[in-house]
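# here are the coordinates; sequence isn't available:
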């Protein structure tokens with residue numbers, strides 16, 4: 001169980017790194033595009049999603065090697081990777097759900113919750129489009145599944161790379 005949470009912590013730190021870097025460089029991005037900030041925000045988000053994909057792929061490749069060493073079958077290993085990624089990503093999902101609930105019921109804190117949600121989901125903004133005036137269920141759903149599905153895709157790529165090595 002301790003190993004599971006240590007592996008989940010890696011996914012947590014990967015997403016946290018992408019969010020922090022995205023928020024640090026947003027000032028530079030804003031100075032470049034000024035008036036068309038919202039129009040190019042999905043492109044900016046896509047760049048940091050690529051960084052997130054690289055970080056997750058790096059961790060999944062190590063995880064793939066250890067799961068292969070443990071002799072797990074491929075389907076159970078893929079579910080393990082998905083559960084590990086979702087466990088590591090769940091604090092961000094919990095904050096996003098809290099922001100969604102607060103934005104529904106409290107008019108005073110609506111702007112703060114939307115701003116918090118947009119900052120939190122900045123590497124995945126391109127999935128549901130540029131930030132609107134509120135938090136929709138579609139955006140919340142796509143945000144919630146982005147990292148676990150990305151981890152599964154990375155695992156699948158690792159599996160294909162391993163199969164390619166075995167056939168040589």
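Arrived safely. If you're wondering where the values come from, they're calculated on a predicted model, not measured in any experiment.

# buried sites along the helix or strand that residue 54 is a member of?
Taking DSSP states H and E as the criterion, residue 54 maps to helix 37-69. Of all the residues in helix 37-69, those buried under the rule 16 or more other C-beta atoms under 10 Å are 41-42, 44-45, 48-49, 51-53, 55-57, 59-60, 63-64, 67. C-beta: built from backbone N, CA, C; applies to glycine.

# okay, the spatially most central residue of the chain and residue 36: tell me how far apart.
Geometric centre of the chain, nearest residue: residue 147, 3.7 Å, by C-alpha atoms, centre = their mean. Look at residue 147 and residue 36: by C-beta to C-beta, to the nearest Å, they are 28 Å apart.

# contacts for the helix or strand of the chain with the lowest mean pLDDT?
Within the chain, no helix or strand scores below helix 125-128, which has a mean of 79 by mean pLDDT, DSSP states H and E. With C-beta atoms under 8 Å, 6 or more residues apart in numbering as the test, helix 125-128 has contacts from 41-43, 45-46, 49, 118, 131, 136, 138-139, 142-143, 146.

# how about the strands of the chain, start to end?
Here the chain has no strands by DSSP state E.

# for it, which segments count as helices?
Under the criterion DSSP state H, the chain contains helices at 2-33, 37-69, 74-105, 110-120, 125-128, 137-167.

# looking at these, which is buried most?
helix 125-128 (a mean of 20; mean count of other C-beta atoms under 10 Å).

# return the residues in contact with residue 48.
Taking C-beta under 8 Å, 6+ apart as the test, what residue 48 contacts is 18, 21-22, 122-123.

# any idea how far it is from residue 18?
Per C-beta to C-beta, residue 48 is found 5 Å from residue 18.

# how about residue 72: what's its closest non-neighbour residue?
Of all residues not flanking residue 72 in the chain, residue 80 sits nearest, at 7.0 Å (C-beta to C-beta, 6 or more residues apart in numbering).

# re the thing from before, so which of the contacts of helix 125-128 is the closest to residue 97?
Closest approach between the contacts of helix 125-128 and residue 97, by C-beta to C-beta: residue 143, at 9.9 Å.

# you'd agree the closest one is up against residue 118?
No - judged on C-beta atoms under 8 Å, residue 143 makes no contact with residue 118 at a distance of 10.5 Å.

# any regions of the chain where pLDDT drops low?
Across the chain, the ranges flagged by pLDDT under 70 are 129-134.

# distance-wise, check the residue nearest to residue 72 relative to residue 97.
Using C-beta to C-beta, residue 80 is found at 24 Å from residue 97.

# try residue 31
Per C-beta to C-beta, residue 31 is found 33 Å from residue 97.
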